[in-house]
Structures are given as C-alpha cells and as structure tokens.
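S.K.: Please work out how this folds:
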Amino acid sequence: MELAGVEPGNRVLDVCCGTGASALPAARRVGPTGRVVGVDLAEQLLVRARAKARERGLDNVEFAEGDMTRLDVADNSMDVVVCVLGLYFAQDQPSAVAELWRAVRPGGTLAVTTWGQRALEPANTMYLETVAAERPDLDLDLDLDARHATIWGRLDEPAALTKVFLEAGASVPTIVQETMAHPLSADDFWTVVLGSGYRVAVDAIGPDAADRVRTALRLRMEQERVEELIADVMYARARKD
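M.R.: Reported below is the predicted structural model:
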C-alpha cells in the first residue's frame, strides 16, 4: 500500500483480494473519507474478509464476488487499483491488466505484485517434485531445471512483467524487487498448499495420493532441515497520464 501511494480520501480497488490482506491496510490508509472495494472469485474468502473488517471497525471497505477479467467497475473511477499475487491466475494476462487499467482514473495508479524467480523456495520445488513423483502423468507446467517451478505461470522477471503492462496498453511500470524469508514448518507449508493455487494439484490427485504427498514432503523438509521459505517479490506501479 505504501508503494502504491494510497492516501487519505482515495478510492481503491483491490482485485484478487482474498481475505483482505491488502484491502484492509488500504482501508486504514484511505480513512473515513475514502473507500476500498475488494473483489475476488471465492465467496468463502470474502466472508472471512468481511468478518475481519468488522473486527477492525472498518466500515469504509466492501467486498464483492467478481471476475478480474470482467470487473463491474466504471471506467476511470479509481484512484488506485491493486492486484496482489493474483495476475498469474489469468489465462490472458495482458487482457487482465487492460481490464485493471480501464478502472484507473487519469493521474491514478495501477499496482501489481507478483512472485519473482523464487516463490516459497525450497518448499515450492520440493512440493512439485513430490507431486510429480506421485503422479508423473499430471501436467503441472514444471520447469525444475530452470528452478522456476510454479503451477500458476511465470511473471518472474521485470522484463516479463513490463511486457504484460505494455501489451495491455498501460504505462511503463516502475518495478521494485524485494526478497523475504519466512520461518515456516512442513505442517505450516501444507496449510499454504491447501489455501493457495497449490491446491490445484491436491484436488487433481485425490485425497489418498495427497496424504502420501504430504507425508513425503514433510519427511524431505525435515531431513533437509528446511525451516524457512525464501520469496522474491516484484511490485510494479504504473501511473495513468
């Protein structure tokens, strides 16, 4: 929210908002004269987001079910549009950015956060290798040799992210990169698996195979003494002239 330049009185749209990890800080920043709208496809996540807002006494934020590729938002209506770790879910990423850009008013900002080259490593690669060993027939878009294994597509370099912005008709973004380390156990990582895009594989292989993957993954993480995850993150900001 700081890098996006969210200020008191702003109208903010948070797309792929989940349970409000970015929408709620935005609501605190815009204050009583501003407004935040969070949009996500998953109604269950929105239920939790609304509960969090009530617990924090934030009545300047609302959450609505919606598709990032077809937003129910007027053109040029938002001071800041934010999409945190959600763009890679779009099959046509330039079209998704174009839809976000459409909602930004002249003088406003589009801010997009994506993973860099390391996304929750080394557990990310360990998980995908374990799933592949269990179900070698399952296509998870693995690129293990390049150490960029993901199941959500790649926007892991500034040039690739900039290209998407330009193909969408948006301005050239300013990109800030950051690397973070998160202490996390094997069991904690499985919670991440079940609550994120990783779950695509869990649902595909079925409960029995998923139990075997969880056991094998826990054993490997413990044997290799994995006690933290490394995440490279890119924050892209583009101002609309």
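S.K.: Apart from its neighbours in sequence, what residue is nearest the spatially most central residue of the chain?
M.R.: Closest residue to the average C-alpha location of the chain: residue 85 at 1.6 Å, with C-alpha atoms, centre = their mean. Leaving aside its chain neighbours, residue 85 sits nearest to residue 113 (5.7 Å; criterion: C-beta to C-beta, 6 or more residues apart in numbering). C-beta: built from backbone N, CA, C; applies to glycine.
S.K.: so the one you found is in which element?
M.R.: Here residue 113, judged by DSSP states H and E, is contained in strand 104-115.
S.K.: Which positions in that strand come out as buried?
M.R.: Across strand 104-115, burial judged by 16 or more other C-beta atoms under 10 Å covers 104-105, 108-115.
S.K.: give the contact list for residue 36.
M.R.: The neighbours of residue 36, taking C-beta atoms under 8 Å, 6 or more residues apart in numbering as the test, are 11-14, 23, 26-27, 30, 60-62.
S.K.: Quick one: mean pLDDT over stretch 71-83.
M.R.: On average, the pLDDT along stretch 71-83 is 97.
S.K.: and the end-to-end length of it?
M.R.: This stretch, stretch 71-83, spans 13 Å end to end (C-alpha to C-alpha, to the nearest Å).
S.K.: Please shift the residue numbers so they start at 20 in all later answers.
M.R.: Noted, 20 is the first residue going forward, which turns the last one into stretch 90-102.
S.K.: So which bits of it are buried?
M.R.: Buried residues in stretch 90-102 (16+ other C-beta under 10 Å): 90, 92, 97-102.
S.K.: which outside residues touch that stretch?
M.R.: 20, 23-26, 29-35, 41, 45, 56, 58, 83, 85, 87, 118-125, 127-132.
S.K.: Could you rerun that using 6 Å?
M.R.: Stretch 90-102 is contacted by residues 23, 25, 29-35, 41, 85, 118-119, 121-124, 127-131 when judged by C-beta atoms under 6 Å, 6 or more residues apart in numbering.
S.K.: and what of stretch 179-192?
M.R.: 112-113, 116-117, 120, 174, 255-257.
S.K.: Confidence-wise, which of those comes last?
M.R.: pLDDT across the contacts of stretch 179-192 is lowest for residue 174, at 82.
S.K.: In contact with that one, which residues?
M.R.: Going by C-beta under 6 Å, 6+ apart, the list of residues near residue 174 reads 107, 133, 180.
S.K.: Excluding chain neighbours, what is closest to it?
M.R.: residue 133 (4.4 Å).
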